[in-house]
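Student: below is the structure, and that's it, no one-letter string:
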């Protein structure tokens, strides 16, 4: 349709046939937008740069220039001077104050972003127990006159030893350093040097016996990845220990990692299963461990817990320390089957994490909400690899499942060495055995655990005894260091348990020697074990 017909139809449609030529619009004129509307649209759509098909700018946009302006830096001293400086005297005083504060486990350094922490914690040499800084050692070894000036010795060769006497002294120092590193390795593996000094006199660093693959549980790469994810996600790390063997269930390698790589994270010890040891022993372990890390005693139970209020109050204090955060995360770490998931269920007063009296129930980490500002993270049990840890130690710490162990009867000797004879007799009602095999045979015949032909089921009974040992049916515990005994005797009246506990301890003392002889009996091959009723709630 042509333009003339369009105009004729428009005038007929609008009733403007008799208007003459005054209302006729010519070709090319905008029929739909006024000049004002067109200018407004140009403001909205215009102003951009024009580009070609390759995306290159052919015409710059308005108020845009592609020319680089000529600029210069203002000659002001504030651009070239040091922004944060500190004198050596102030740094030394600050280093001393920090070392005194950090030695106390109950002091917390909240903000370190503006502090020269690298100048404080650098260096590893110690002098009279005080760590020396690298820069300070450098100044002591090379003075200013030896470094600069006419008498400088920077390009001269520095010999380690000037004579044979100093060379021999250096060799002795290297040997002493090696012995200290070996002792530190034993401590990190959970074994003290004094406890196994006789066993490692002729140790050449090689394992001569085969170890079952089952004893490698808790050391896989997946488990360690889960643990490091929990550490990275946590603001507070709770290390759960077994009150019966706190030193054996302590992951020193994890503690060293937190101290070196994540010093801003808070570490807390929770002594779980305190209902299985006497009150005085639990209180003594708390005093000993509190010198290094804040320690709490706890009995994880949904119906009848102990120490729950103290732990929740401690977590609330950590939340107040980090008031600038919306919430904090608390990670649970420790050996398998020490009660990490049970503590979470106790804090929630209901079952939110799967628990079982066997190790390996928790497979992956799990986030659990305790309060609006506190989150809990459950972690699988981790077993730090150690060359000094024997299969007996790993089994009796609850690392592996008893039903997966081959020939469990061979580990009964370790159980009899840790538990007093009177407690085994009272638990199983048998007497007069001369060897571990004889003990298993007597127990099998008493319980009717026999094979065809009247042969006792030794392995089946051994599994039962090992399960009873790990689940707390057999009373036993590792005695605290003897250096604390004299100090603990004066405070024993302050931590006495219920009357039932006192009566049970009195009966045990009448049946054998006095409590002062417990350490000697442990040295003779009989470990400690006292029946324990529980803590007072107050």
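Tutor: Thanks, I have the structure now. Not measured: the values here are computed from a predicted model.
Student: top helix in this structure by residue count?
Tutor: Across the chain, the longest stretch assigned as helix under DSSP state H is helix 164-188.
Student: how much distance is there from it to the middle of the chain?
Tutor: Centroid separation between helix 164-188 and its chain, computed with Cα atoms, centre = their mean, to the nearest Å, is 30 Å.
Student: cool, and stretch 435-451?
Tutor: For stretch 435-451, the distance to the chain centre is 43 Å (Cα atoms, centre = their mean).
Student: for stretch 40-51, same thing?
Tutor: How far stretch 40-51 lies from its chain's middle: 60 Å, per Cα atoms, centre = their mean.
Student: pLDDT of that stretch, averaged?
Tutor: When pLDDT is averaged over stretch 40-51, the result is 81.
Student: ends of it, what's the gap?
Tutor: Start to finish, the residues bounding stretch 40-51 are 23 Å apart (Cα to Cα, to the nearest Å).
Student: how about residues contacting it?
Tutor: Stretch 40-51 has contacts (Cβ atoms under 8 Å, 6 or more residues apart in numbering) with 33, 57, 58, 59, 60, 61, 62, 64. Glycine gets a C-beta too; all of them are placed from N, C-alpha and C.
Student: can you pull the pLDDT of residue 506?
Tutor: 38.
Student: skip the chain neighbours and tell me the closest residue to residue 248.
Tutor: Take residue 248 and drop its neighbours on the chain: the residue closest to it by Cβ to Cβ, 6 or more residues apart in numbering is residue 397, 5.6 Å away.
Student: could you verify my assumption that that neighbour touches residue 334?
Tutor: No: counting by Cβ atoms under 8 Å, residue 397 stays clear of residue 334, with 10.8 Å between them.
Student: next one: residue 247 from residue 392, what distance?
Tutor: For residue 247, the distance to residue 392 equals 16 Å [Cβ to Cβ, to the nearest Å].
Student: cool, and residue 47?
Tutor: Distance from residue 47 to residue 392, by Cβ to Cβ: 82 Å.
Student: neighbour-wise, which of these two wins?
Tutor: More crowded of residue 47 and residue 392, by other Cβ atoms under 10 Å: residue 392, with 17 against 11.
Student: got phi/psi on that one?
Tutor: Residue 392 adopts backbone torsions of phi -60, psi -40, taken as degrees, to the nearest 10.
Student: which helix or which strand is home to the residue nearest to it when sequence neighbours are not counted?
Tutor: Nearest in space to residue 392, with sequence neighbours left out and distances taken as Cβ to Cβ, 6+ apart, is residue 414 at 4.1 Å. Here residue 414 sits within helix 412-418, counting by DSSP states H and E.
Student: okay, buried residues for that helix please.
Tutor: Going by neighbour count (16 or more other Cβ atoms under 10 Å), the buried part of helix 412-418 is 412, 414, 415, 416, 418.
Student: contacts for it, please.
Tutor: Residues outside helix 412-418 that contact it (Cβ under 8 Å, 6+ apart) are 392, 395-396, 424, 436, 439-440, 462, 465-466, 469, 474, 476, 525-527.
Student: where's that helix relative to the chain centroid, distance-wise?
Tutor: With Cα atoms, centre = their mean, you get 31 Å for helix 412-418.
Student: can you tell me which of the contacts of stretch 40-51 are in helices?
Tutor: Using DSSP H, none of the contacts of stretch 40-51 sit in helices.
Student: for the residues you listed, work out which two are farthest apart.
Tutor: 33 and 57 (29.5 Å; Cβ to Cβ).
Student: other SSEs contacting the longest helix of the chain?
Tutor: helix 252-261 (3 or more Cβ pairs under 8 Å, 6 or more residues apart in numbering; DSSP states H and E).
Student: now the helix it packs on: mean pLDDT?
Tutor: In this model, helix 252-261 carries a mean pLDDT of 87.
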